[in-house]
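Asks: One predicted model, sequence on top.
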Amino acid sequence: MLLATDLRKRFGARVAVDGVTLRIAAGEVYGLLGPNGAGKTTTILLVCGVLPRDGGRVFVDGVDLDSGPQARARIGLAPQWLGLYPDLTGRENLEFWGRMYGLERTALTEAVDSTLSGVGLQDRARDLVATYSGGMMRRLNLASALLHRPPLLVLDEPTVGVDPQSRNAIFEHVAKLRAEGTAILYTTHYMEEAERLCDRIGIIDGGRLQAEGTRRELVARLGDDACVEVGLAGSGDAMRAAAVAASLAGVGSAAPFGGGIRVVAKDATALLPPLLEALLGAGLRPNRIEVREPDLEAVFLRLTGRALRD
């Protein structure tokens, strides 16, 4: 459903996207993960034709994106920013965007009614968007991307700042769309969302796709590696502790995490004695230690060298 090859984008001297290739099948949710500034949003804006590409090609359902509006109309984009007018009602917002998609009269009314019902906002359809909660705005933002029933849906961090009920509603709608055959490109800063929703995952950093595959395939890249989380009693010690841990044999990576450090190592059991000895010898005070089996976040940390929310 989506074939984007060798995408490239430069902003002055900075290379934002450097040769990214994506393939997404009908009925597949593809998660694109990366630290802030990794190139996620720029990549999806290139896919949607919002930004001009410096290089690469994009095909949606076999149609070249450069062939005109009929190709871009095959894409539904729910951007990270809210494309809503607060001084209009929910229904009026959808009617506006529906007309932008070329829907009229009966088709427009049916599309608005269907999408309002799908995101659970039919009871608030005639209220001003300014009165909506953050979660309701996110759901309406999603609805605006679905009005024309696109075969490719692009969701850029659709659950940022929403309540648990709205997040679950969005999850359920994404699952429903996947079952109906919609291809979905999904970016998120929440690792649990990627694990729950995505059939395949790509990890982008520095504008390049560092790895992609199913969760199982990505985790298998770590072999027998495990994560060791060490809590620290002193504030401000995490950076120094990470440097101490990174110097030890067998450590793949070490970074600050949740008031302590997270260390990726080939053999966690063998690492624990020298790790604790090194931390204590550096004047650091570990107060908690936990060994975790390899997971998607460990893969992310190994490939990017940074915590997800940097």
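Replies: Noted; the coordinates are in hand.
Asks: Please report the number of neighbouring residues for residue 268.
Replies: Counted with other CB atoms under 10 Å, residues neighbouring residue 268 total 20. C-beta: built from backbone N, CA, C; applies to glycine.
Asks: which ones are touching residue 132?
Replies: Shown in contact with residue 132 (CB atoms under 8 Å, 6 or more residues apart in numbering): 90, 124, 140.
Asks: Now do residue 34 against residue 221, distance only.
Replies: Residue 34 is 16 Å from residue 221, where distance means CB to CB, to the nearest Å.
Asks: And the next helix or strand past the helix or strand containing residue 108?
Replies: For residue 108, the host element (DSSP states H and E) is helix 105-118. Downstream of helix 105-118, the next assigned helix or strand under DSSP H and E is helix 134-146.
Asks: Pull out the buried residues from that following helix.
Replies: For helix 134-146, a neighbour-count test (16 or more other CB atoms under 10 Å) marks 135-146 as buried.
Asks: who does the longest helix along the chain touch, helix- and strand-wise?
Replies: When the chain is parsed with DSSP state H, its longest helix is helix 164-179. When contacts are defined as 3 or more CB pairs under 8 Å, 6 or more residues apart in numbering; DSSP states H and E, helix 164-179 sits against helix 134-146, strand 183-187, helix 191-197.
Asks: Please enumerate the helices of the stretch 151-300 of the chain.
Replies: Under the criterion DSSP state H, counting those that start in this stretch, helices of the stretch 151-300 of the chain are mapped to 164-179, 191-197, 215-220, 238-246, 268-281, 296-304.
Asks: Run the angle between the fifth one and helix 238-246 for me.
Replies: Counting by axes from the mean of the first three to the mean of the last three CA atoms, to 10 degrees, helix 268-281 points 130 degrees away from the direction of helix 238-246.
Asks: Pick the one among the contacts of residue 132 closest to residue 70.
Replies: Closest approach between the contacts of residue 132 and residue 70, by CB to CB: residue 140, at 26.1 Å.
Asks: hmm, back to that, packing partners of the helix holding residue 108?
Replies: Secondary-structure packing of helix 105-118 (3+ CB pairs under 8 Å, 6+ apart): helix 90-100, helix 134-146.
Asks: from what I can see residue 18 touches residue 6, true?
Replies: No: in this structure, residue 18 is not within contact of residue 6 by CB atoms under 8 Å, at 9.5 Å.
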